[in-house]
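Enquirer: I would like the atomic coordinates for the input below:
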Amino acid sequence: MHATGSKWSDIDMSTNLAHFAINADDVHASRAFYEGVFGWTFTAWGPPGFYRITTGDGPAVQGAMQQRRQLHPDLPTVGLECTFAVDDVDATAAAVRAAGGTILLEQFTISGVGHLIFFADPAGNPVGAMQYDPDAE
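Expert: Modelled structure (predicted):
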């Protein structure tokens, strides 16, 4: 998969890191920072203030920049937000609960992309799990 021609549906479903997001209070300033430091390019996609990131010409993990959100009830999301590709998001949610994790955001669908949950691991780190499905509605 190459960042310049990749699609959300091109992601290998092997529980690999599939996506990262940078949460920002000032998306414009953060875009300028990463453009200047790494030479990344940004393409508007989806809701206002959401951008897909192209990190280079070689194989890449999909990236996004978005307005900061709060996955934990009392903490804003800081740092990189990582999402792993899974074959079955419902089975992953059950495994998270069984292993002592907490579901932060119940399954929701992103049309044309797939089904997503966010959970906290036992250390409190927020993690995404996406069942990619280009036919999702």
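Enquirer: list the buried ones in the longest helix anywhere in the chain?
Expert: Assignment by DSSP state H gives helix 27-38 as the longest helix of the chain. Within helix 27-38, the residues that qualify as buried are 27, 30, 31, 34, counting by 16 or more other C-beta atoms under 10 Å. The way it works is simple: take the backbone N, C-alpha and C, and place the C-beta from them, glycine included.
Enquirer: Tell me which helix or strand comes right after it.
Expert: strand 41-44 (DSSP states H and E).
Enquirer: so for that following strand, what's the average pLDDT?
Expert: Average pLDDT, strand 41-44: 92.
Enquirer: Show me what that strand is packed up against.
Expert: helix 27-38, strand 51-54 (3 or more C-beta pairs under 8 Å, 6 or more residues apart in numbering; DSSP states H and E).
Enquirer: strand partners of the last one, parallel vs antiparallel please.
Expert: The strands beside strand 51-54 in its sheet (DSSP bridges) come out as strand 41-44 (antiparallel), strand 62-67 (antiparallel).
Enquirer: out of the ones you listed, deepest packed?
Expert: strand 62-67 (a mean of 19; mean count of other C-beta atoms under 10 Å).
Enquirer: Okay then, goodbye and thanks.
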